[in-house]
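>>> Next comes the sequence, and after it the predicted model I'd like to discuss.
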Amino acid sequence: MKLVIIVLLLGTLLPSSKSYTPSPPSSRRSLLSKATHSALTFTTTTTLLTPTLASAELKQCKKKSNNCLSTLNTNSKWISGKSQTDASKDLLDVLQAYPSTGQNNVDGGGSKIITNNLPTSLTLEFKSSGTGNFAKYFNSGNPFTDDLIVSVGDDGNVDWSSSSRVGDSDMGVNAKRVEFIEAKLREKGWKF
C-alpha cells in the first residue's frame with residue numbers, strides 16, 4: 001500500500017517533459033510535503049474560481065419552486081417604455097430607495113448592490129432580520145438571504161428573478177419584494 005502511494009505521489013511530482021533526469025532521492029516527508037502543497041494550491045485555486053450565487057446569471061426557477069419568481073417562467077417583463085439608459089436609471093433609483101429596514105414584514109436586514117453592470121444588469125442581495133422563529137429554528141438565528149437579478153434589454157424592458165438561497169419555501173417574501181418594486185416603478189410610468 002505504501003509503495004502504491006509513493007508511486008502515485010512521484011507520478012504527480014514528475015515534470016511532463018520527456019527529457020527527465022532523476023534527482024537524488026528525497027525523504028518521504030519531503031515528498032509528502034510537496035504533494036500536500038500541490039494539493040492545497042490546487043484546492044485554493046479552484047475554490048477562488050467558483051462563482052457565488054449572487055453573481056450568477058438570470059435563470060429560470062425550478063419547476064414547482066416555492067422560493068423563486070422569475071420573468072423567464074412567466075414571460076411577464078417589466079415594460080418601461082423608455083430607452084435602456086432611462087429604464088436603468090429608473091430601476092436604480094427605485095432599488096436604491098428600497099427601505100433599509102425592509103417593508104411589509106420582509107427584508108428587515110436591508111439590501112445591498114452586489115454587482116452593478118447597468119445599463120444592462122444588476123444583482124442585489126436582500127436579508128431578513130434574522131429575529132423571527134423561522135430564522136431562529138431553521139437557520140441558526142442567521143438572516144435568510146435572497147438574490148434579485150435584473151437584466152435590462154436594449155428595448156428598456158426588464159427580465160428579473162428573485163430567489164431565496166436556502167429553503168423550499170420563501171413564505172411569500174419574494175412576491176412581496178417584487179410587488180413593492182413594481183408599485184414604485186408603476187409610479188414612474190412602467191407597465192406590468
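Looks like it arrived, so ask away. Numbering: from 1, shown residues only.
>>> How about the secondary structure of residue 85?
Three-state call for residue 85 (DSSP: H, G, I helix; E, B strand; the rest coil): helix.
>>> check contacts around residue 126.
The contact partners of residue 126, by CB atoms under 8 Å, 6 or more residues apart in numbering, come to 106, 107, 109, 110, 111, 145, 146, 147, 148, 177. In short, each C-beta sits where N, CA and C put it, glycine included.
>>> Just the pLDDT for it.
Per-residue confidence (pLDDT) for residue 126: 96.
>>> In terms of helices and strands, where is it?
In this structure, residue 126 sits in strand 121-127 according to DSSP states H and E.
>>> Hmm, residue 178 is touching residue 71, no?
No: using CB atoms under 8 Å as the test, residue 178 is too far from residue 71 to be in contact (9.8 Å).
>>> Give me the common contacts of those two.
Joint contacts of residue 178 and residue 71 (CB under 8 Å, 6+ apart) are residue 160.
>>> Now do the strands in the chain.
For the chain, applying DSSP state E gives strands covering 68-70, 111-117, 121-127, 145-152, 158-164.
>>> Mind putting those strands into JSON lines with distance to residue 187?
Formatted as JSON lines, the strands of the chain follow (distance: least, CB to CB, whole Å):
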{"stretch": "strand 68-70", "distance to residue 187": "21"}
{"stretch": "strand 111-117", "distance to residue 187": "19"}
{"stretch": "strand 121-127", "distance to residue 187": "19"}
{"stretch": "strand 145-152", "distance to residue 187": "18"}
{"stretch": "strand 158-164", "distance to residue 187": "16"}
